[in-house]
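1. Requesting a structural model of the entry that follows:
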Amino acid sequence: MKFLTNEIVEEFMQRYRDLPGGSLLYQIACSGEVWIAGRGKVLKLSKETQEFTEDFHLFVNEGNQAYYFLGNVDTSEEHPQNATVKLGITEPHKNFVPHAHGVRHFVKSQGFSGCILYDVEKKKAVTVKLIPGSILDIAPMVAHSFYNRSGVPLVTLIANAGLGLHSDKYAITKEQAEKNLLEGIGRGDEHQICELINQLDAIERVFNSEHPENDLSLSEQAAIQLYELAQFEAMRDH
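-> Prediction:
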């Protein structure tokens, strides 16, 4: 059942095409599409849209894209920003390759998603189910992986303490960690690197055995439809 169409969303957004001072309004539809109004126009934010072709970046692995609000892909110690803030868009039932960040970061989920975190004290991977509005605060070097449990694109809002996608400390995957060992990067920290590899392996095993990215309940499916209906009614009433 689909209530919202591109025409309905665009008509709603046209009311805000001329906001004061060049301000912008971002609207996230329940279908996972992102619209922008302001500066005299209305556009749908998409990697297929010509206006945003250069603004979308591969986000850790295939199936995930990133669009920056603050900072950029080159933000690092050499090219500092106070923080980076970006939208993430994850395709239905896709997940991030398990990884760890060199800095603390926050992720706000706009949909039905989840994250597997590795608990060092309990020596096991812990699954956290996320619903729309959940915000997860992840400490530096905690191995984890986000995933989309629904059949529509998942939009997330991500902020971290000043590392862009191009930094080698942004997302340390098993592949990157093994490369660091091979090349002697982080010499003296070999034990910590091996521990991280084991933690990332543990998270990957959960995906391979439990497939949490497909764990969407019937009530959550109904909630998605109700949310779409609510958005449709709100846009039609304004």
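
2. for stretch 159-175, which positions count as buried?
-> Neighbour counts over stretch 159-175 (16 or more other CB atoms under 10 Å) mark 159-160, 162-165, 167, 170-174 as buried. C-beta: built from backbone N, CA, C; applies to glycine.

3. And the contacts of that stretch?
-> 57-61, 66, 71-76, 79-85, 96-106, 141, 176, 180, 196-197, 200-201, 204 (CB atoms under 8 Å, 6 or more residues apart in numbering).

4. from these, which ones fall inside strands?
-> Cross-referencing the contacts of stretch 159-175 against strands under DSSP state E gives 57-58, 66, 84-85, 99-100, 105-106.

5. Tell me where the chain has helices.
-> For the chain, the helices defined by DSSP state H cover 6-13, 174-183, 190-210, 218-237.

6. helices and strands around the shortest one, which ones?
-> Other elements packing on helix 6-13 under the criterion 3 or more CB pairs under 8 Å, 6 or more residues apart in numbering; DSSP states H and E are strand 25-28, strand 34-38, strand 41-45, helix 218-237.

7. Spell out for me which residue occupies the centre of this structure.
-> Nearest residue to the geometric centre of the chain (CA atoms, centre = their mean): Gly88, 3.5 Å.

8. Next one: the spatially closest residue to that residue that is not a sequence neighbour relative to Glu48, how far apart?
-> Distance criterion CB to CB, 6 or more residues apart in numbering; nearest residue to Gly88, sequence neighbours excluded, is Thr156 at 4.1 Å. Thr156 sits 20 Å away from Glu48 when distances are taken as CB to CB, to the nearest Å.

9. quick one: the helix or strand of the chain with the lowest mean pLDDT to helix 190-210, angle?
-> Using mean pLDDT, DSSP states H and E, the weakest-scoring helix or strand in the chain turns out to be helix 174-183, at a mean of 88. Orientation of helix 174-183 against helix 190-210 (axes from the mean of the first three to the mean of the last three CA atoms, to 10 degrees) gives an angle of 150 degrees.
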